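Q: Got a predicted model here, sequence first, then my questions.
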Protein chains: 2
Amino acid sequence: MQSRRRVRGGKALFSAGDAFTSLYAVDGGFFKTHVLDADGREHVTGFHMGGELLGLEGIGSGQYNVTAIALEDSLVGVVPYPLIEQRSREIPDLQHELHVALSRQIARGQEVLMVLGSMRAEERLAAFLLNLSSRFGQRGYSRSELPLRMTRRELGSYLGLTLETVSRLFSRFRGQGVVEVRHKHVRLLDVARLKAIVNAASG
Amino acid sequence: MQSRRRVRGGKALFSAGDAFTSLYAVDGGFFKTHVLDADGREHVTGFHMGGELLGLEGIGSGQYNVTAIALEDSLVGVVPYPLIEQRSREIPDLQHELHVALSRQIARGQEVLMVLGSMRAEERLAAFLLNLSSRFGQRGYSRSELPLRMTRRELGSYLGLTLETVSRLFSRFRGQGVVEVRHKHVRLLDVARLKAIVNAASG
DNA sequence: CGGTTTCTTGATTGGGATCAATAGGAGTGG
DNA sequence: CCACTCCTATTGATCCCAATCAAGAAACCG
């Protein structure tokens, strides 16, 4: 039902403004999505790994409204949207799966919204690390060995922080024995402590 | 195809954790949606008026994961979800409309995410007022006379600010001749200026 | 290698949170 | 109607977290 497409690290899978044609199922690799604001500055809206769907927000406007960039060589399944609509009329299970995927994306957005709206810098990074750990775990990878594919700047953009703040937080966590950080590889040493940091989101 | 339900101001249409059964189309009135964090503190995730769908994020998890509260006496259309799935298999236009609604909700979330992740307090409130104005306008109401149904605290919670900051910003805008503020009624006096404030989102 | 991007760390600034006090409405019951 | 209370809003004073400005160090890449 679907063809495949390779995307080299650093290359775009689709760009904001492109006509919406297909959904993409990430098979392997790692993507970021971003938008450009009025001043041409980049704002990262999400990071995406195997098992996740890209392009869902294009249905409503007829064009992609984020740009998806592969952060390493990646593989995606290409599913033409008209085909999905047709098949999901014939196969109720598929229809429901699509609705679930769309709905979960909405719920995920609301979670990020809470992180940005109510957490302090330290809490945001801790929440991000736990979220990434959980997603790696769900896909059968280690929950504690996290290869970061994004730069400090990209991570900061996603979390509403500057790259310097992200760097300082990694150093602080390292000093507290919570994580080990080498370049772009992070090892979680004290998950309970990270959870405590997130839950300390009280004023 | 759908029944109707009245909701008195202050009452919940549905609560986080309730079993997901139906989508709700706001016919008249005004709603807020919120979640409670680990400490039981409320975080507003959105404000909703006529023409908007509530409950979409419940499809994925089988239960509503926000609480919807009417901020004034309101009227909604109740659409049982199984009925929607069935009908949308028979009526491609309805199917597409549902996908568009879901997709737009995702896109809206991404916009809010950008507001919270990259704008300063003043820019956030200006963006909110312009957004509210546009939504009132689309529904045939005045674009400049905005009856706020939410408290300063609720608005602050939505924008990631404290109620004091929201209050101060209203005072500042009033001092600049940008708006007129009386209690919970706002009149936009200088829309161009508001747009300039939002676009000044450069560092 | 040299050049470029990325990361770390330090010094300083500033915007919004917090703490605090007062005023303004709205609702209730006398 | 007024007195009382509760909730909401305004405004001021102070503090603190993260942004900004700045300088090296480390890693990546031709």
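A: The structure has been received and is ready for your questions.
Q: Next, the buried residues of stretch A:36-55.
A: A:43-50, A:52-55 (16 or more other CB atoms under 10 Å in any protein chain shown). (Each C-beta comes from the backbone N, C-alpha and C, glycine too.)
Q: among the residues you listed, which are in reach of chain B?
A: A:43, A:45 (CB under 8 Å from any CB of the partner chain).
Q: Please flag which of the buried residues of stretch A:36-55 sit within strands.
A: A:43-49, A:53-54 (DSSP state E).
Q: Isn't residue A:95 up against residue B:85?
A: Yes. Contact status for residue A:95 versus residue B:85: in contact at 6.3 Å, counting by CB atoms under 8 Å.
Q: among the ones in strands among the buried residues of stretch A:36-55, which two are most distant?
A: Pairwise distances across those (CB to CB) peak at 20.8 Å, for the pair A:43 and A:53.
Q: In terms of neighbours, single out the busier of residue A:95 and residue B:85.
A: residue A:95 (21 against 17; other CB atoms under 10 Å in any protein chain shown).
Q: so which strand or helix has the more buried one?
A: Taking DSSP states H and E as the definition, residue A:95 sits inside helix A:92-118.
Q: Which secondary structure elements does that helix sit against?
A: Contact analysis of helix A:92-118 by 3 or more CB pairs under 8 Å, 6 or more residues apart in numbering or on different chains; DSSP states H and E lists helix A:81-90, helix A:121-138, strand B:42-49, helix B:81-90, helix B:92-118, helix B:152-159 as its packing neighbours.
Q: and those as a markdown table, adding distance to residue A:75 and mean pLDDT?
A: Below are the helices and strands packed on helix A:92-118 laid out as a markdown table (distance: least, CB to CB, whole Å; pLDDT from 0 to 100):
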| stretch | distance to residue A:75 | mean pLDDT |
| --- | --- | --- |
| helix A:81-90 | 19 | 95 |
| helix A:121-138 | 17 | 97 |
| strand B:42-49 | 34 | 96 |
| helix B:81-90 | 31 | 95 |
| helix B:92-118 | 24 | 95 |
| helix B:152-159 | 39 | 97 |
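Q: Please identify the buried residues of the helix holding residue A:95?
A: A:95, A:98-99, A:101-110, A:112-118.
Q: Next, the angle from that helix to helix B:92-118.
A: If you take axes from the mean of the first three to the mean of the last three CA atoms, to 10 degrees, helix A:92-118 sits at 20 degrees to helix B:92-118.
Q: contacting residues for the most centrally placed residue in chain A?
A: Note on chain A: the residue nearest the mean C-alpha position is residue A:47, at 2.0 Å, using CA atoms, centre = their mean. By CB atoms under 8 Å, 6 or more residues apart in numbering or on different chains, the contact list for residue A:47 reads A:30-33, A:71, A:132, A:149-150, A:158.
Q: rerun that using 10 Å as the cut-off
A: Residues near residue A:47 by CB atoms under 10 Å, 6 or more residues apart in numbering or on different chains: A:30-33, A:71, A:128, A:131-132, A:135, A:148-150, A:154-155, A:158.
Q: So which of the residues you listed is the closest to residue A:165?
A: Nearest member of the contacts of residue A:47 to residue A:165, counting by CB to CB, is residue A:155, at 10.1 Å.
Q: Just confirm the closest one contacts residue A:164, I think it does.
A: No. Residue A:155 is beyond contact range of residue A:164, at 11.9 Å (criterion: CB atoms under 10 Å).
Q: quick one, which of those two is more surrounded?
A: The neighbour comparison of residue A:155 against residue A:164 (other CB under 10 Å) goes to residue A:155, with 23 against 11.
Q: wait, what's in contact with that one?
A: Neighbouring residues of residue A:155 by CB under 10 Å, 6+ apart: A:32, A:44, A:47, A:124-125, A:128, A:148-149, A:161, A:163, A:166-167, A:169-170.
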